[in-house]
Structure formats: C-alpha cells, structure tokens
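> Need coordinates for the following:
(one chain, ligands or ions: 2)
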Amino acid sequence: MGANVAILGAGVMGETLLSGMLRGGRPADSLLVGEKRTERAAELQERYGVRVLGNSEAAAEAETVLLVVKPQDMADLLAEITPVLRPGQLLVSLAAGITTAWIEERVPAGVAVIRVMPNTPALVDEGMAAISAGSVCEEAHLVEAEAVLAATGKVLRVPERQQDAVTAISGSGPAYIFFVVESMIEAGVHLGLPRATATDLVVQTVVGSAKLLRETGEHPTVLRERVTSPGGTTAAAVRELEDHKVRAAFLVAMEAARDRSRALAEGSA
Ligand SMILES: NC(=O)C1=CN([C@@H]2O[C@H](COP(=O)(O)OP(=O)(O)OC[C@H]3O[C@@H](n4cnc5c(N)ncnc54)[C@H](OP(=O)(O)O)[C@@H]3O)[C@@H](O)[C@H]2O)C=CC1
Ligand SMILES: O=C(O)[C@@H]1CCC=N1
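Numbering: from 1, shown residues only. Ligands and ions are numbered 1, 2, ... in the order given. Down below sits the predicted model:
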C-alpha cells in the first residue's frame, strides 16, 4: 500500500471505493480522482480531501488506475489515457461486461489488467468483490487489487469466464434484495401496519436472516425449514410463492442479467 491509486469515474461505485479506501486507512494524499465537471471535482475535494485532476494527469501519476465509468464510456476513457499508460502499471476495471482482453487490446503492451465485479454494500464495508486477472497480470497486481477492495468487504478470485454470472448474482444482487424488501414493506402496509413499523420489521428481518446465514453456515433450506411450522403461517406463504413461480422468476431474471453483461462489452466496441 502507499503507491498512488487513481479513480477514474467518481459516480456511485467510484465514490464508494474512494470512501472505503479512506476508511481502510489509505492516506488521502495517495488517492487521485479523474473528474471533468468542476462542481463535482470541488465537492469530492472538499468531502474527502483528495486531489482531483484530469483523467490523463491522474493516470500518469498513479501506479494503480481504477476504471469506474459505465461500460459505454470505457472506450473513450481508454483512448484518452492510453498515451500516458506504461508497462507494469495496473488497470483495474469495475465495469460490467468489459473483458480484460477487450481492455488489453486498447492499452500499451505490458499494462496489467484486472476485472472486478463489486457491489454497493461496499459503502458499509460489507461489499462482495470478485476479481479476475488479465493475461499479463502478476501476483503482486492481484494482491494490490485485493488490498484496494478488501477495504470495503470480501474479495474472491474467480476465473474470468465466471464474471458475467457473478455480475448477475452479487453485482446486481443488492437490487434484488431491495426489491424483496420493498415488496414486503408494501405487503405489510396492505395488511394494515404503519409504514414505519413495516419498514423496521422488514429491515431487521433481512439483517438478522443474513447474519444467521453467515454465522451458522447452515444451508438456506435448513434455515427456512426451521421457520416453517407444520400447517403454519410460513407454509401457507411459501406455497403461494411457489404457485406464483417466484423461484423460476429469479432464475430467468439472473439469466437476463448475465446476458446483458455479455452484451455490454459488444455494445462498447
Ligand atoms: N452501481 C453498482 O451497483 C455497480 C456498478 N458497477 C460498475 O461500475 C461502473 C460505474 O457504475 P456507477 O457508479 O453505477 O455509474 P455512475 O453513472 O454513477 O458513475 C459513472 C461515473 O463516470 C463518470 N464518467 C463518465 N465518463 C467519464 C470520463 N471519460 N472520465 C471520467 N469520468 C467519467 C460519470 O460522470 P458524469 O455523470 O459527469 O457523466 C459518472 O460520475 C459501471 O461500469 C458499472 O458496470 C459494478 C458493480 C456494481
Ligand atoms: O446494473 C449494472 O449494470 C451495474 C453492474 C452490476 C450492478 N450494477
């Protein structure tokens, strides 16, 4: 740790990583942000005490460059910074769908590339990031990427061919959980609970259930069976979920996310 890290694209995910690295103890003066909009640059500078530069200036100064723009903006960003990149430097892309090979084709030979799929719980240090090495990546590069991401949660190495599936499961995953939470709160209101009460009940139930899964290591089926008393309320509800094909809907939804991830690289070409 210590070498400069540049974050190019300080939107939702870029700012999440920035704040996480600071909480994790990286000195603010080792972090650079590439941002064109002066208003946003001033806001980031004031909030985090980091230096905000142009993309090329930030990429030239850093050892590790995090690419956190939308997949559709990646080609333009790489075209802008390629002239200042050098062999041995590390590019870490967090963009859905974009492969390391696609990036390697657009940057000078010898630049190391790592593909990462993070998720937004990183904002509260409970992120899940999966990382995959490109063709010229060394162990030291992977260790550096892991150090950057470990500041905001768990990090797993996966073969790159799994990244579109990872994107569908953990990258987009928080949105599915929030969708379930929204649905349960609305159901609580429908059943006559005040909205604030329904929200408290659902949020704590989700947090508690997640902790139970992680801390017991039990299979979710076992934990669900423990809630399901014979002839009781849970059995009645789960039967409705099965009748409405919720399990099948999750399967096709995540296939759609995986397919969209695959298509994003093509759309960025
Ligand atoms: N949000 C999420 O949960 C996750 C996102 N990702 C990935 O992270 C990436 C960013 O997503 P997200 O943060 O949600 O999107 P945002 O739109 O919030 O952030 C993208 C940022 O990039 C900026 N930007 C665009 N072009 C450039 C450029 N040439 N140079 C510098 N900055 C630029 C945008 O600025 P402006 O607004 O001014 O255009 C914006 O601030 C995507 O590739 C996405 O696939 C991965 C996992 C999870
Ligand atoms: O929706 C998206 O495309 C990004 C990638 C994973 C989560 N958000």
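> Is stretch 64-73 positioned near ligand 1?
Yes - against ligand 1, stretch 64-73 shows contacts by CB under 6 Å from any ligand atom at 68, 69, 70, 71, 73. For glycine as for every other residue, the C-beta is placed from the backbone atoms N, C-alpha and C.
> show me what contacts residue 126?
residue 153 (CB atoms under 8 Å, 6 or more residues apart in numbering).
> Look up how far ligand 1 lies from it.
Distance of residue 126 to ligand 1, given as CB to the nearest ligand atom, to the nearest Å: 13 Å.
> Show the backbone phi and psi for that residue.
Backbone torsions of residue 126, given as degrees, to the nearest 10, read phi -120, psi 30.
> Same check on residue 115?
In terms of degrees, to the nearest 10, the main-chain angles of residue 115 are phi -100, psi 130.
> can you give me the helices for this protein?
12-23, 38-48, 55-61, 74-81, 100-104, 139-150, 163-166, 173-190, 195-216, 220-227, 233-243, 246-267 (DSSP state H).
> For residue 20, the count of nearby residues, please.
Residue 20 sits with 22 neighbouring residues when counted by other CB atoms under 10 Å.
> Kindly report the same for residue 202.
Residue 202, neighbours per other CB under 10 Å, totals 20.
> So the residue of the chain positioned farthest from its centre versus ligand 2, what's the distance?
Centroid-distance maximum for the chain: residue 231 at 40.6 Å, with CA atoms, centre = their mean. Residue 231 sits 41 Å away from ligand 2, going by CB to the nearest ligand atom.
> wait, what's in contact with the closest residue to ligand 2 within the stretch 151-269 of the chain?
Nearest to ligand 2, among the residues of the stretch 151-269 of the chain, is residue 171, at 3.3 Å (CB to the nearest ligand atom). Contact analysis of residue 171 by CB under 8 Å, 6+ apart lists 96, 117, 118, 119, 257, 261.
> Then residue 84?
Listed by CB under 8 Å, 6+ apart, the contact partners of residue 84 are 56, 59, 60.
> just for the stretch 101-250 of the chain, where's the confidence low?
Within the stretch 101-250 of the chain, no range satisfies pLDDT under 70.
> who in it is up against ligand 1?
Residues of the stretch 101-250 of the chain lying near ligand 1 (CB under 6 Å from any ligand atom): 117, 118, 119, 120, 171.
> Ligand 2: which of these is nearest?
Lowest distance from ligand 2 to those (CB to the nearest ligand atom) belongs to residue 171, with 3.3 Å.
> distance of the closest one from residue 228?
Distance, residue 171 to residue 228, using CB to CB, to the nearest Å: 31 Å.
> Over to residue 198?
Distance, residue 198 to residue 228, by CB to CB: 22 Å.
> so residue 53 sits right up against residue 33, yeah?
Yes - shown here, residue 53 and residue 33 form a contact pair, counting by CB atoms under 8 Å, at 7.3 Å.
> No further questions, thank you.
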